Structure formats: structure tokens, C-alpha cells
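**Q** this one's structure only:
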């Protein structure tokens, strides 16, 4: 299994902090955000390679970070240099697959998320289901739901539909950017793009895929800490408890 880390955004809401530095390499406590994610995932012993997909502006930062890590990490530069010219998350997934010839089960995660639970639980769930999977959490606030990917899920955890940033959300299940694709389903990314699935939000491919394949959803066993502003970053730095219950 390979882990593809989406890190090609420009984090403009965190300027000036991220104007010349990537958000995933900001420190929270004693580690960078990316270190929290990779060190946790590596403890499962099932990922044999990590790929960080970056833009051109920040690629060198990730390359220097990767040099000091014990894991096998590749950095892919998507060639973009501004928020206006970014490829979008789904095209970045396909770009990295094409550049490195990836043909494997894929764990796809956003590289700027802080979690207080181990993602190894999600890997266990995906292996048990032997199918592509997403995570979900209950969100009561309508204004927040309209900014997220919203899933409809049946009593067996199967995803019936997923819609990114809906004007009228059909459920309270938000899907954060953590996805497991089987090898067979990862091969469908190019087809999804060709058939018109959205490319900006990473959940857009899942929205298309759940109409083609069986996709399951695991309820998130902890909290995800959103860093969307300088104020929220300072708050997370003060309050983040680390990964619990490993």
C-alpha cells in the first residue's frame, strides 16, 4: 500500500505565516503536522511508500523534510506556482500516479490535518471491508455542512451518495479528506476526471466513485482539529493533546 499525501495547496488564509512556507510543515507541539501523520501511519507496518504531492513553490521544503525521515518518501512537484493555477486535488492524485507509475492500494490524505486519534484504525477498517472507504463525522451546524463533503450512508456503512459543498445538505455526515482506494478503484481516477467529476475538492472523486463501486464509511473515532486561520492555529498549538488511545 502507498500513502499519497495531498500538500499542493497554498494555505492563503494563513498568510503571512504560510506565504513562503507550507502549512503541513508547521509545528504543533514537538512535531510538524506532517510528522504527526506519517509517524502514526508508519506504526501500522502496512505502508511501503509515501508520496507527497506539492506545488512548485513549496516542493523544496518537502524535499528537505523527507531527507531527514526514515520512511521511504517521494516528493512530486505538480509544477504550479499560485493558488489560481493549482491543478486541484483530484488532478494532483492522477498526476502523482502518472509520474511514479503507482499501481497499488492507495491511502490518500490531506497533509494539513491534525488528529487526536490514530489513522491505523482506518487502515484496519479498510482492510476488513476490502473495499474503498472514507471516514465521516457528525456535524450539527448547517453553515459548516455547506463547506464540506456530505455523505448519505446506509445502515451497513455503505456510502449512497457524496456531495461537495452542497447548498442543501442531505445529511449531517461530513467526510474529512482521508480516503482508502483499492488498487482497482485507484485505476479509475483518470476515468472519473474524463467523465466530469469535480477536481478541486478531493472528495469529488469519491462522489463519482460511489456510483460505480461499493464504498464504505467509518465513523471517525476522535477529533480533527481545523487550522483555517492564524487564530485557530494558535489555539491548536495550545490545546492539541496528541494522538490518544494507540
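**A** Looks like it arrived, so ask away. The structure displayed is predicted, hence computed values, not measured ones.

**Q** and after the worst-scoring helix or strand of the chain on mean pLDDT, which helix or strand comes next?
**A** Every helix and strand of the chain was ranked by mean pLDDT, DSSP states H and E. The lowest is helix 142-145, at a mean of 87. Counting by DSSP states H and E, the element after helix 142-145 in chain order, helix or strand, is strand 149-153.

**Q** so how far is the following helix or strand past that next one from its chain's centroid?
**A** Moving toward the C-terminus from strand 149-153, the next helix or strand (DSSP H and E) is strand 159-164. When distances are taken as CA atoms, centre = their mean, to the nearest Å, strand 159-164 is centred 16 Å away from the chain's centroid.

**Q** got the angle for strand 159-164 vs strand 149-153?
**A** 170 degrees (axes from the mean of the first three to the mean of the last three CA atoms, to 10 degrees).

**Q** next SSE after strand 159-164?
**A** Next element after strand 159-164 (DSSP H and E): strand 173-174.

**Q** helices or strands up against that following strand?
**A** strand 132-138, strand 149-153 (3 or more CB pairs under 8 Å, 6 or more residues apart in numbering; DSSP states H and E). C-betas here are computed from N, CA, C, even on glycine.

**Q** so for residue 165, what's the pLDDT?
**A** With respect to pLDDT, residue 165 scores 89.

**Q** helix, strand or coil: sort out residue 95 for me.
**A** When classified by DSSP: H, G, I helix; E, B strand; the rest coil, residue 95 comes out as helix.

**Q** circling back: show me what the least confident helix or strand of the chain is in contact with.
**A** By CB atoms under 8 Å, 6 or more residues apart in numbering, the residues outside helix 142-145 that reach it are 139, 166, 169, 172, 174.

**Q** could you find the closest non-adjacent residue to the second one?
**A** So the one you mean is residue 166. With CB to CB, 6 or more residues apart in numbering as the criterion, residue 166 has its nearest non-adjacent residue at 5.5 Å, and that residue is residue 150.

**Q** distance of the one you found from residue 142?
**A** According to CB to CB, to the nearest Å, residue 150 stands 11 Å off from residue 142.

**Q** those two: who's more crowded?
**A** Set residue 150 next to residue 142 and count neighbours by other CB atoms under 10 Å: residue 150 wins out with 25 against 10.

**Q** residues in contact with the closest residue in space to residue 91 that isn't next to it in sequence?
**A** Distances taken as CB to CB, 6+ apart place residue 199 nearest to residue 91, at 4.8 Å, with adjacent residues excluded. Contacts for residue 199 (CB under 8 Å, 6+ apart) come out as 87-91, 193.

**Q** please consider this matter closed, and thank you.
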